[in-house]
Structures are given as structure tokens and as C-alpha cells.
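> This is a predicted model, with the sequence first.
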Amino acid sequence: MTDIPAANRKPMRTTLRSRLAQDQISIGLAACVIRTPEIVTVARSTGFDFLLIDMEHGPIGIGDMASLALAAFEAGFPALVRVGGPASPDLARVLDCGAEGIVVPHVETVAEARHVVEKCRFQPAGKRSLPSPLVRLGFRVPPAARMMAEIERDTLVILMIESAAGVEAAEAIAAVPGVDGLMVGANDLAADMGHVGAVDHPDVLAAFATVSRAAHALGKFFSTIGVADPLIASHATALGAKLIVATNDINLLIDQGIAVVSRFRSAQL
């Protein structure tokens, strides 16, 4: 199979890496329940900057994920995928199936960070296996070295810090070559620190700040998920967060559904 001539290729898409390079804050929507490509259109038309396809919680499997990633790619819309953890068998597979980047939860050690990089980065940074034709290259097959370089150019590896142990090891984790950024999982971190449901607790905010400092000290970006609207300034933007997952599909639907029903009931009084 031959490569597609340059004149026939579509223009380059906007990627999260390019947004990061321009120091832009990107706001994301997580797809946790809705498994059809319509969620890509919803995310784009409502003004989100990227989609996080969540395979950690809920029903989304590898087939659903691949369809969503393909739809996002064809729409020129960035899509990350969150897997189940650093031991997930799908670390490289979600990238093979079209994800622009991977989000790995519950990382607590340097060894786990190195394992993720080894699976998700091509040589020499890692040992990712050379895949079959890739969605992100339009299924064309350039020479292997060029394919690796093109994919590596955009791929993001983001590790989630969600425990006191992860916070303690945050700087060492961020220092692992091949890691692009750290993301704090707000609710799991608060729970692990003994403050269930209290993301606003001063100790939890201090942990956020520790992770942010660790990321920035190593030239990596800081990001958040699970931070409620009233805490966005203190727990995200004030700490230099560049990727913020604002909500998920089902919460968006439920919250707006409640608001609409409340307005209509009030109008009937």
C-alpha cells in the first residue's frame, strides 16, 4: 500500500499539543455513558475544546472508544482516552484505535509511570509495538520511521495523581521522560486523604498545589478533573491548569434536565 500524495491530504487538525504550545486553556467534556458519535458533535457545538473518552467508569468499551475516536478525528476534534489504570491491557491499544492521547489514573510510583511510557511511546522513548494502519494517519502506511515520528508529534501521555502516595511522588513521576502532564483526580484524592466529598478542604488544595508545582518544575503541564465550578479558580486556573475536564455527559444531561424542568414548573405556578 502506498502513501497518500501530499496534495491529497487534508489540512492539519488542531491538536491539544498545539493548544498547549500556545499556552491556551482547554476545557473538556468526558464521555462516560453516551457511546455514539453524537457526543462528539455535542461537545464541539457547545464549545468544549476536547473530549475525554472514559473507559475507567461506565459502559464504554474498546469498540465504542474506537468509534468515538474516529468520529473525533474526522471532525478535527481532539479526543483523549482514560483507561482503567497503569496495569490496563489497553494502554497502547487505545492509541492504536485513534486516541490523541491517554489519561492513566491511579499512578502512585515512578515504576508505574515508566511502565505507561514504555507501552505508549515508540522507541527510543518507549517500546510501543508498531501497529497496523492507524486512524490518525488516515490508514495510510508511511515508512515506519516517519509513521512513528508523526504519531509521537501529537500523542499526549497524562498521568493522574489521586492519592496521598501519588502526591508525595509527584515530582519523581513528572520527571519520567515521555510523560507530558499530570492530572489531579479531585474526588479520589480528597477521599484518599480522609476528606470524602471535601475537595475544598485546605489540605486537599495544598495537595493540588504540590502536584502543580511538581509538574511545572519539570516542564510538564498541570490539569484537573472533578473540580466543581466554585473551585475552578482556586484548584485549577490559579495553579496554572491547562487542561480542565469540566463535567461528563450524564451529569451535563441530568443537571440541565433538572434546570429545565424547574423552569417549566415555576412557569406553571
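That came in fine, so what should we check first?
> Tell me where the stretch 101-250 of the chain has helices.
Assigned by DSSP state H, counting those that start in this stretch, the helices in the stretch 101-250 of the chain fall at 110-120, 144-154, 164-168, 170-174, 186-192, 202-217, 232-235, 249-268.
> Let me have those in a markdown table, extended by distance to Leu134, mean pLDDT and mean neighbour count.
Where you see a C-beta, it was placed from the backbone N, CA and C, and this is true even at glycine. Putting those into a markdown table (distance: least, CB to CB, whole Å; pLDDT from 0 to 100; neighbours: other CB atoms under 10 Å) gives the following:
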| stretch | distance to Leu134 | mean pLDDT | mean neighbour count |
| --- | --- | --- | --- |
| helix 110-120 | 14 | 98 | 20 |
| helix 144-154 | 7 | 94 | 14 |
| helix 164-168 | 31 | 98 | 19 |
| helix 170-174 | 28 | 98 | 22 |
| helix 186-192 | 32 | 98 | 20 |
| helix 202-217 | 29 | 98 | 19 |
| helix 232-235 | 35 | 98 | 17 |
| helix 249-268 | 26 | 94 | 11 |
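> Can you say which of these is nearest to Ile34?
If you check each of the helices of the stretch 101-250 of the chain against Ile34 by CB to CB, helix 249-268 wins as the nearest, at 4.6 Å.
> which residues sit against the closest one?
Helix 249-268 is touched from outside by 29-34, 39, 42, 247, with contacts defined as CB atoms under 8 Å, 6 or more residues apart in numbering.
> Run through the protein and note the low-pLDDT ranges.
The chain contains residues with pLDDT under 70 at 1-12, 269.
> residue contacts, the residue lying closest to Ala125 once chain neighbours are set aside?
If you skip the residues right next to it in sequence, Ala125 has Gly178 as its closest partner in space, 4.6 Å away by CB to CB, 6 or more residues apart in numbering. Counting by CB under 8 Å, 6+ apart, Gly178 makes contact with 117, 120-121, 125-126, 157.
> any idea how far Gly178 lies from Asp23?
From Gly178 over to Asp23 the distance is 22 Å, taken as CB to CB, to the nearest Å.
> same thing with Leu252?
In this structure, Leu252 and Asp23 are 27 Å apart, going by CB to CB.
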